[in-house]
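*Asks:* Structure for this input, please:
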Amino acid sequence: MMTVWLRSFWLLIALADTLPARAQTAQVLRGQVVDAETHQPIPNAQVGVADNRLGTSTNDDGRFALSIPPAYAQEQLTVALLGYRKFSQALPPLPGPELRIELRISPAALGEVRVTASVEGIVREAVARIPRNYPLRPTQLTGFYRESDNEPDGRPRYLVEGLLTVFKPGYRQRGDDGEIRIQQSRKVDLRPAGQLVRIDWAGGPFITQLGDFVHRRAQFIDLKHLRDYDYRLAPGSSYAGRPVYVVAFAPRPGNRRADFAGQLYIDQDTYAFLGAEWHYTAAGLGRSPNRADSRSLRVAYQPYAGRWHLKTVWWQTKARLPIGPPLNYFGEFLTTAIDTAQAARPEYVERAQYHDVFLRNVVAYDSAFWRGQTTLLPSESLRKALLDQQRQQRADSLFRAARPGAAAGPAAGLQAPAKTPDSPLGRFFSRFRYGASVGAWPLAVERAELGLAFAPAGYRFSAQATAAVTDQALTGWSRIEYQFELTRELALALATQRVYRQLSGDGWAGGLSYQRNLRPRHRPLYGRVGLAYTRQTVGRQLGTFPNPDAGLRVAGTHLGADRLSLRLQTQTEALQPTLGLGLELSHKFELVADASYLLPLRTRTQLEVAEESGFFLTRGSATVNLPAADVSLRVNDQPGSTLPWRQQHWLLSLGLLYRLR
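*Replies:* This next block holds a predicted model:
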């Protein structure tokens, strides 16, 4: 099915020019940008219409495709790239043949520019004018995103493309990065379905936020870090057809606080940052939360309605991972429309989140969508690599079909892309959640003096101990919980738990947990109910004693270690109904608050005897239920068989749950 979809995908692009023209529909302008002297293709040239209200960029072969609505048919077409003169002409009649555009090199004119301040002063002035040059009100960008993870020879392991809506807060100061919504997407996953280790890049579409160095005040334009960098003027004086200061920056000699090195392009008239290209230094890679061998970025801005807006982001990361193949990630975003009026934030359920994996985004295949939109054209080398792998997959499928008992292949024609199947182990672990919580365990303790004598019959071991407990209403409690989802709302739950303070003990609980979203169109707020069986011990340590008898047996358990510890404890078994709330902090994390009511089924008073010497994995322990013939217990100097603490009912906890996917 994947091969059929790939063939259909490229066929749709090839047929886009042959569709009948309609007066009220957008037409696709196709062209190639080349150097006027060498006639070689020019990649990454910025192609715009109507002052860049529509735009795209050229691929590695210099080609572009731009969807032109009828309302823009009389506008100007512009093409610009650093080092070349800006090209401008009226749009040709559409549909029409591929347009050939020749760019001429722009002569350097840096010597004619009078620089009256230090280069660092130029950067400071550009930072000061950010509120003047960039939008102060929220804006909404629409654009195309592409990412891939490639083999060392450039062959893609997967290719993902999508149409994004990017909500951008104002640029007055750094802070909120905004939101992203994935409108539509498509993917070609060429990795082996049964591959044991599959590393998926998380947060890829967020290069529109992470790469916006002006909005984020990246370190190399952060006034607090300017002293960490050397700034100097570099050759060149134009960018996108405008006179600029080309400012190269790098760490000062001996400075390891600077994370980046690269170039800035600052408009000479307005001191606006028009773009930048930079890479991480060795020190910067070491401080990055995601370790990599190299990481490079290239960012450009475009003018619209008197302000500068994000135009393109190009991002590349290479890393040798501890497991799996090396990562060669490439991501690119291109703005195709800017909206300064309709900039309402998307609702919570529509937002992409940083830990989402774009490759796993499941969207129905829509051929008409790709036919009528501007897209980033894949280069000829990328097309060839995909087609080569498509042919190999077709050959593999034919080989499988030729074997006896093989299932028949899919019917011919357009079909939705097949979802790459996860391994059974992957599907199993995708249902897991785990978390941790803390709270107060309801235990009422009365002040008392404890005395104990233990002398098992027939053995030389004997011990006498005393201990005291003080008044206490609650004790500290922690819990580690694991959940396996049976459905989206119902899960099996298993937890280990421990109590602290003057009394301590371990326990466990197992049961069912159910939660339902109370706000399906906003940030999820879950109502939670559960029922579990729990067993918890709570006790007081009495000390450690030498054991002269290597053959000692307590309650049928051999305890031959040199030293034994004694502990008085209660063991409570109870049913635990729970009622609570959960607030989703992200698609991965949920904040949960629960109140439980303990319904005791049985409580035992016990003496625990445990080995304290020897290898910890081989140490044994035994419990003796009280009263017992060889145990003498005194509470406040009075013989007894019950301990001075009682299990109460209400249990409160606060914690976090984490989803693996």
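*Asks:* Please name the bridge partners of the nearest residue to residue 466 once chain neighbours are set aside.
*Replies:* Spatial nearest neighbour of residue 466, chain neighbours left out: residue 451 (5.0 Å); criterion: C-beta to C-beta, 6 or more residues apart in numbering. (C-beta placed from N, C-alpha, C; glycine too.) In this structure, residue 451 bridges to residue 466, residue 634 when assessed by DSSP bridges.
*Asks:* neighbours around residue 451, how many?
*Replies:* 17 (other C-beta atoms under 10 Å).
*Asks:* mind listing what it touches?
*Replies:* 464-466, 633-635, 637 (C-beta atoms under 8 Å, 6 or more residues apart in numbering).
*Asks:* try 10 Å this time
*Replies:* Residue 451 makes contact with 464-467, 542, 632-639 under the criterion C-beta atoms under 10 Å, 6 or more residues apart in numbering.
*Asks:* same thing with residue 523?
*Replies:* Taking C-beta under 10 Å, 6+ apart, one finds 347-349, 351, 517, 583-586 in contact with residue 523.
*Asks:* got the CA coordinates for stretch 445-460 in PDB?
*Replies:* Provided in PDB are the C-alpha atoms of stretch 445-460 (Å, rounded to 0.1, in the frame of the first residue of the first chain):
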ATOM      1  CA  VAL A 445       0.100   7.300  67.200                       C
ATOM      2  CA  GLU A 446      -0.100   7.500  71.000                       C
ATOM      3  CA  ARG A 447       2.900   8.100  73.200                       C
ATOM      4  CA  ALA A 448       4.100   4.800  74.700                       C
ATOM      5  CA  GLU A 449       7.100   2.800  75.900                       C
ATOM      6  CA  LEU A 450       7.700  -0.500  74.200                       C
ATOM      7  CA  GLY A 451       9.500  -3.500  75.600                       C
ATOM      8  CA  LEU A 452      10.200  -6.800  73.800                       C
ATOM      9  CA  ALA A 453      11.900 -10.100  74.700                       C
ATOM     10  CA  PHE A 454      12.400 -12.700  72.000                       C
ATOM     11  CA  ALA A 455      13.900 -16.200  72.600                       C
ATOM     12  CA  PRO A 456      12.900 -18.800  70.100                       C
ATOM     13  CA  ALA A 457      12.800 -22.200  71.700                       C
ATOM     14  CA  GLY A 458      15.600 -24.600  71.000                       C
ATOM     15  CA  TYR A 459      18.100 -22.000  69.800                       C
ATOM     16  CA  ARG A 460      20.800 -19.900  71.400                       C
END
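*Asks:* Spatially central residue in this protein, please.
*Replies:* residue 355 (1.8 Å; C-alpha atoms, centre = their mean).
*Asks:* Verify the stated contact: residue 590 with residue 655.
*Replies:* Yes - with contact defined as C-beta atoms under 10 Å, residue 590 reaches residue 655; the gap is 9.3 Å.
*Asks:* what's the overlap in contacts for those two?
*Replies:* Joint contacts of residue 590 and residue 655 (C-beta under 10 Å, 6+ apart) are 435, 582.
*Asks:* Show me what stretch 525-533 is in contact with.
*Replies:* Contact partners of stretch 525-533, identified using C-beta under 10 Å, 6+ apart, comprise 481, 489, 491, 493-495, 508-519, 573-584, 590, 592-594, 596, 601, 657.
*Asks:* which of these count as buried?
*Replies:* For those, a neighbour count by 16 or more other C-beta atoms under 10 Å gives the buried set as 481, 491, 493, 495, 509, 511, 513-515, 517, 574, 576, 578, 580, 582, 584, 590, 592, 594, 596, 657.
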